[in-house]
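S.K.: return atomic coordinates for the entry below.
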Amino acid sequence: MATIGFTACNSRFTPKQNGYPAITLPKKVYLSNAVNGLPYSFDIPYYAVVDKKVSSMGLDQSKPGWMNLQFPSLNATLYISYNAVQKDQLDVLVRDAYNFANNHSNKASFIEDSAFENPIGLQGVFFHLGGDVASPYQFFITDSSRHFFRAALYFDTTPNTDSLAPVIDFLFQDLKQLVQTFHWKS
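M.R.: Okay, the predicted model is just below:
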């Protein structure tokens, strides 16, 4: 007959604290005029990937001026749309931008909107959405007569403000750089 003995360590058990994995953020380096064939231009971080083939649910949704700016190492995408402003359409585009931001109100702890003007006089509104929302930042830029640009930052993961905070803050700096360097090509 075999006897199996069990022994335990005499050291006390210490539970690990809850925490989030360390995130290594890339160095901030921007490329100017990195994308051709668009009616606008802005500085793009070198760690971003431009995807001009916009699709939704497997269907090609590409439109002139639309693109996605992907941040693969950060699991995030900036979805960008562009509209040439038609007569009496600007109010509709602005209202839609506010509606898109407000669609997150059921999960957002707050939604702040702030008007801005970049160094060359283009105006827009920046939306900061707080809490565990899918899109923490959205904004639009327009010249109020011919062009309307809208962007929304989304993460390819379940929203968790606590764990995503360093990445959200990091990408916010990129969004500010985009707005500051944004200009129309025509």
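S.K.: from here on, contacts and neighbour counts on C-alpha atoms
M.R.: OK.
S.K.: for the protein, which residues score under the pLDDT cut-off?
M.R.: 1-11, 16-22, 54-62 (pLDDT under 70).
S.K.: which parts of stretch 99-106 are buried?
M.R.: For stretch 99-106, a neighbour-count test (16 or more other CA atoms under 10 Å) marks 101, 104, 105 as buried.
S.K.: just the CA coordinates for that stretch, please, in PDB.
M.R.: What follows is stretch 99-106, C-alpha atoms only, in PDB (Å, rounded to 0.1, in the frame of the first residue of the first chain):
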ATOM      1  CA  ASN A  99     -26.400  63.400 -31.600                       C
ATOM      2  CA  PHE A 100     -23.500  61.000 -32.200                       C
ATOM      3  CA  ALA A 101     -21.800  62.200 -29.000                       C
ATOM      4  CA  ASN A 102     -25.100  62.100 -27.100                       C
ATOM      5  CA  ASN A 103     -25.800  58.500 -28.200                       C
ATOM      6  CA  HIS A 104     -23.400  57.600 -25.400                       C
ATOM      7  CA  SER A 105     -25.300  59.400 -22.700                       C
ATOM      8  CA  ASN A 106     -26.700  56.100 -21.200                       C
END
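S.K.: what residue is smack in the middle of the protein?
M.R.: residue 153 (1.9 Å; CA atoms, centre = their mean).
S.K.: out of the buried residues of stretch 99-106, list just those in helices.
M.R.: residue 101 (DSSP state H).
S.K.: on the three-state scheme, residue 91 is what?
M.R.: With DSSP: H, G, I helix; E, B strand; the rest coil as the basis, residue 91 sits in helix.
S.K.: ditto for residue 129
M.R.: Note that with three-state DSSP, the state of residue 129 is strand.
S.K.: which residues touch it?
M.R.: By CA atoms under 8 Å, 6 or more residues apart in numbering, the residues touching residue 129 are 101, 104, 108, 109, 110, 111, 112, 135, 136, 137.
S.K.: list the buried ones in the lengthiest helix in the chain?
M.R.: Ordering each helix of the chain by length in residues (DSSP H) puts helix 161-181 first. Residues of helix 161-181 classed as buried: 161, 164, 167-168, 171-172, 174-175, 177-181 (neighbour count, 16+ other CA under 10 Å).
S.K.: got a list of contacts for stretch 144-160?
M.R.: 75-86, 90, 93, 97, 131-142.
S.K.: now that stretch, how far from the chain's geometric center?
M.R.: 6 Å (CA atoms, centre = their mean, to the nearest Å).
S.K.: kindly report the same for stretch 172-186.
M.R.: With CA atoms, centre = their mean, you get 13 Å for stretch 172-186.
S.K.: still on that earlier bit, keep only those of the contacts of stretch 144-160 that are in helices.
M.R.: 90, 93, 97.
S.K.: how far away is the last one from residue 137?
M.R.: Residue 97 sits 12 Å away from residue 137 when distances are taken as CA to CA, to the nearest Å.
S.K.: of those two, who's got more company?
M.R.: residue 137 (24 against 20; other CA atoms under 10 Å).
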